[in-house]
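Trainee: take a look and give me a structure for this.
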Amino acid sequence: MPADMTLDDMVTNAGQAAQLLKSIANTNRLVILCSLLQREMTVTELNKLVPLSQSALSQHLAVLRREGLVETRKDSLLVWYSLASPEVEAILSTLHQLFCAEPSEAN
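Mentor: Residues are numbered from 1 along each chain as shown. Below you'll find the model as predicted:
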């Protein structure tokens with residue numbers, strides 16, 4: 001434990017980390033987040049990548065919005081989604097290196 005961190009601080013931080021991991025611990029939400037790591041996307045674009053009903057996709061996006069992992073912007077009739085958390089970007093990048101990178105890239 002770092003010298004300047006109390007046990008209470010560690011418990012608080014562990015709780016925040018656990019909540020973040022819980023939010024991304026779903027295959028569909030993880031695919032959504034990994035897609036958004038590449039670029040901002042509309043619901044229609046996400047729906048082509050994640051084969052769910054529109055209502056199921058909307059429910060997953062609502063969880064990600066509620067947890068502060070994605071943000072939206074409206075452009076006319078389109079709603080664009082993007083990553084809103086540098087922490088989730090760092091986690092997704094690490095997961096990509098561990099599970100998606102070519103063997104030569106991972107080393």
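Trainee: so what's the residue count around Trp80?
Mentor: 16 (other Cβ atoms under 10 Å). Where you see a C-beta, it was placed from the backbone N, CA and C, and this is true even at glycine.
Trainee: the residue most central in space within the chain: what's it in contact with?
Mentor: Residue closest to the mean C-alpha point of the chain, counted by Cα atoms, centre = their mean, is Leu33 at 3.9 Å. Taking Cβ atoms under 8 Å, 6 or more residues apart in numbering, we find Leu33 in contact with Ile24, Leu64, Leu69, Val70, Leu83, Val88, Leu92.
Trainee: nearest to Leu37 among the residues you listed?
Mentor: Using Cβ to Cβ, Leu92 comes nearest to Leu37 of the contacts of Leu33, at 4.9 Å.
Trainee: which parts of the protein are strands?
Mentor: 41-42, 70-75, 78-83 (DSSP state E).
Trainee: packing partners of the lengthiest helix in the chain?
Mentor: In the chain, taking DSSP state H as the definition, the longest helix is helix 7-24. Contacting helix 7-24 under the criterion 3 or more Cβ pairs under 8 Å, 6 or more residues apart in numbering; DSSP states H and E are the following elements: helix 27-38, helix 86-99.
Trainee: which regions of the protein sit below the pLDDT cut-off?
Mentor: 1-2, 103-107 (pLDDT under 70).
Trainee: let's go with 90 and repeat that
Mentor: Across the chain, the ranges flagged by pLDDT under 90 are 1-13, 15-17, 19-21, 51, 85-88, 100-107.
Trainee: contacts only, for the nearest residue to Leu52 once chain neighbours are set aside.
Mentor: Leaving aside its sequence neighbours, Leu52 sits nearest to Asn28 (Cβ to Cβ, 6 or more residues apart in numbering; 6.2 Å). For Asn28, the contact set (Cβ under 8 Å, 6+ apart) comprises Val50, Leu52, Ala56, Leu57, His60.
Trainee: go again using 7 Å as the cut-off
Mentor: Val50, Leu52, His60 (Cβ atoms under 7 Å, 6 or more residues apart in numbering).
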